[in-house]
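Asks: Just the structure for this:
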Amino acid sequence: MKKLLTIGLSIFVILLFIFIIFRYSANASNTDNWFNNNVRVKLARYPYLRTAFNLRWDGDGKTDYLLNGKYEKLLIEIDNSDLCTVPDSVIEEIKAQIQDVIEKPLGIAVDDSQTIPLTQDSYTAEDIRRVSDAHQSRKTRGDTAVFYILCLNRFADDSSNIGVTVYENGMAVFSQRLADLVGNNPAAMDAYYTSTILHEFGHQLGVDHVDNIRCIMDASIETPSDRVAQTLIPKNYCQEELQLFENIRSSL
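Replies: Residues are numbered from 1 along each chain as shown. Take a look at the predicted model:
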């Protein structure tokens, strides 16, 4: 019995050591390490392991969206606020665009029933994570993956930014910055909402920026200049982006 206890304790210590090394490597300042290059994508397939190892980078949840063996449905949770509401027309457009990319057999549902209070004039990245932790009510489980959208007023870390990712499964969009951009051309507001949400979702699928002003994943979509002509705002993933999504799916 004593020998078995010793063996059990030794195994526990070894596993604990591995866990500590993995978790440290996953969140180390030097991101180019063996764990991130070889193990991260394998562990990130499972939400409970993402939580355990704190795997919260953009794209860590991409298998939830791109692989349909386990999660056959997508739920988009939208938490609007008293100064920011994602329009219904935008919701329908992003649903159609996202479904074309991820092809969930059971389709896409939306829960936008919650409106949260804004307590600040603007929000830092840390503030946004706190708001997400407090208000996101739906989690990936069962047969349903979740993408979370926060509708806030402004981004304190960069006032030119109209959208940012939140953890590995969400984003925030900033309505007051959008209002500044559209100025006297309010017809452009819906286009900006659409392109911004699809841009941040593209990051959560594991795609970085592309160098093409006609594509949603161009860097200018997050921090656009004061261009307000609706025709200049891409609202559909371009062929280059669709190929990148397919390449990522094939690699998983």
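Asks: Could you use CA atoms for every contact and neighbour count after this?
Replies: Will do.
Asks: Met189 - nearest residue in space that isn't next to it in sequence?
Replies: Using CA to CA, 6 or more residues apart in numbering and skipping the chain neighbours, the partner closest in space to Met189 is Val182 (6.2 Å).
Asks: Tell me how many other residues crowd that neighbour.
Replies: For Val182, the neighbour count with other CA atoms under 10 Å is 19.
Asks: now swap in Met1 and tell me
Replies: Met1 has 6 nearby residues by other CA under 10 Å.
Asks: Could you check the pLDDT of it?
Replies: In this model, Met1 is scored at 70, pLDDT.
Asks: ok, now the one 10 residues further on?
Replies: According to the predicted model, the pLDDT of Ile11 comes to 87.
Asks: mind checking how far it is from Phe17?
Replies: Counting by CA to CA, to the nearest Å, the separation of Ile11 from Phe17 is 10 Å.
Asks: swap in Phe155?
Replies: From Phe155 over to Phe17 the distance is 39 Å, taken as CA to CA.
Asks: Have a look at the two and say which one is more surrounded.
Replies: The neighbour comparison of Phe155 against Phe17 (other CA under 10 Å) goes to Phe155, with 25 against 12.
Asks: For the protein, which segments are assigned as strands?
Replies: Secondary structure of the chain by DSSP state E: the strands cover 73-81, 108-116, 144-152, 163-166, 170-174.
Asks: among those strands, which is the most enclosed?
Replies: Counting by mean count of other CA atoms under 10 Å, strand 170-174 has the highest mean neighbour count of the strands of the chain, with a mean of 27.
Asks: Just the CA atoms of that one, as PDB, please.
Replies: Extracted C-alpha coordinates of strand 170-174, given in PDB (Å, rounded to 0.1, in the frame of the first residue of the first chain):
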ATOM      1  CA  GLY A 170     -15.700  37.400 -28.200                       C
ATOM      2  CA  MET A 171     -15.400  41.000 -29.300                       C
ATOM      3  CA  ALA A 172     -16.400  44.600 -28.500                       C
ATOM      4  CA  VAL A 173     -17.600  47.300 -30.900                       C
ATOM      5  CA  PHE A 174     -17.700  51.000 -30.100                       C
END
